[in-house]
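Chemist: how would this look folded up:
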Amino acid sequence: MPRQSATVFVVDEDRCFGCAACVALCPVNALVLEGLLVIVDEPSCTHCEHCIPACPVHALSLEDEEKAIPLGVLA
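Modeler: Numbers count the residues shown, from 1 in each chain. Next comes the predicted model:
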């Protein structure tokens with residue numbers, strides 16, 4: 001799946017508790033665990049969405065770039 005334009009990967013830091021299930025599934029290593037929060041390297045993220053359904057607390061999403069509040073994102 002190609003990277004989605006005008007979209008950003010968002011980690012809801014109120015929900016994420018650092019289980020790292022998503023980190024293990026990222027094919028491009030764009031996700032890292034820092035403490036109890038997953039951080040995404042947005043330029044490296046391909047928006048493949050492998051990680052989103054793996055999150056047990058639904059803390060991961062792809063959102064419209066203009067509406068998103070980038071939490072847990074390295075820009």
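
Chemist: Only C-alpha atoms from now on, for both contacts and neighbour counts.
Modeler: Fine.

Chemist: Low-confidence regions, the protein specifically.
Modeler: Judged by pLDDT under 70, the chain has its weakly predicted residues at 1-2, 68-75.

Chemist: ok, now which ones touch the residue of the chain most remote from its centre?
Modeler: When distances are taken from the C-alpha mean of the chain, Glu66 lies farthest, 16.6 Å away, according to CA atoms, centre = their mean. Shown in contact with Glu66 (CA atoms under 8 Å, 6 or more residues apart in numbering): Ala6.

Chemist: That one belongs to a helix?
Modeler: No - counting by DSSP: H, G, I helix; E, B strand; the rest coil, Glu66 falls outside a helix, being coil.

Chemist: Please, where are all the helices along the chain?
Modeler: According to DSSP state H, the chain carries its helices in the segments 21-25.

Chemist: in it, which spans are strands?
Modeler: Using DSSP state E, the strands of the chain run over 7-11, 31-34, 37-41, 60-64, 73-74.
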